[in-house]
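**Student:** I would like the atomic coordinates for the input below:
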Amino acid sequence: WVRVREEDGQAVATVANSGPAVPPYEVEDLVEPFRRLQGDRVRSARGAGLGLSIVRAICDAHGGSVPAEARPEGGLSVTVRLPGAVPTA
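**Tutor:** From the prediction side, this is the model:
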């Protein structure tokens, strides 16, 4: 799921998935370039391990942040926080 909102003058977008469970000790490593989860189930998945590190670099360049956390039911929740408000339609 995806959720977009304004919070404390920041544009905030949260994306969550229901993929494999992410051990809490691995979450912070996932924003490092070429880092992927360990284990047979996820090693067979395609990808270079660059997605979240690119998101973090973009957020850093704009004065934002990209906290990530493991979801208790499995998967990952990633929140992009950028200065500024969410435009209204």
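**Student:** which stretches of the protein aren't confidently modelled?
**Tutor:** Residue ranges of the chain with pLDDT under 70: 38-45, 85-89.
**Student:** For the residue minimising distance to the centre of it, give the beta-bridge partners.
**Tutor:** Nearest to the geometric centre of the chain sits residue 78, at 2.9 Å (C-alpha atoms, centre = their mean). Using DSSP bridges, the bridge partners assigned to residue 78 are residue 15, residue 68.
**Student:** these two touch, right, it and residue 12?
**Tutor:** No. Using C-beta atoms under 8 Å, residue 78 is not in contact with residue 12, being 11.4 Å away. In this view, the C-beta of every residue, glycine as well, is placed from N, C-alpha and C.
**Student:** distance between the lengthiest helix in the chain and the chain's centre?
**Tutor:** Secondary structure assigned by DSSP state H gives helix 51-61 as the longest helix of the chain. Distance of helix 51-61 from the chain centroid (C-alpha atoms, centre = their mean, to the nearest Å) equals 9 Å.
**Student:** And the contacts of it?
**Tutor:** Residues outside helix 51-61 that contact it (C-beta atoms under 8 Å, 6 or more residues apart in numbering): 30-35, 65-66, 68, 78, 80-82.
**Student:** Could you list the buried residues of that helix?
**Tutor:** Neighbour-count burial for helix 51-61 flags 52, 53, 55, 56, 59 (criterion: 16 or more other C-beta atoms under 10 Å).
**Student:** Tabulate the CA atom coordinates of that helix in PDB.
**Tutor:** Provided in PDB are the C-alpha atoms of helix 51-61 (Å, rounded to 0.1, in the frame of the first residue of the first chain):
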ATOM      1  CA  GLY A  51      16.700   0.900  -5.100                       C
ATOM      2  CA  LEU A  52      16.600   2.100  -1.500                       C
ATOM      3  CA  SER A  53      20.100   3.600  -1.700                       C
ATOM      4  CA  ILE A  54      19.100   5.700  -4.700                       C
ATOM      5  CA  VAL A  55      15.900   6.800  -2.800                       C
ATOM      6  CA  ARG A  56      18.100   7.800   0.200                       C
ATOM      7  CA  ALA A  57      20.500   9.800  -2.000                       C
ATOM      8  CA  ILE A  58      17.600  11.700  -3.500                       C
ATOM      9  CA  CYS A  59      16.100  12.400  -0.100                       C
ATOM     10  CA  ASP A  60      19.400  13.500   1.300                       C
ATOM     11  CA  ALA A  61      20.000  15.900  -1.700                       C
END
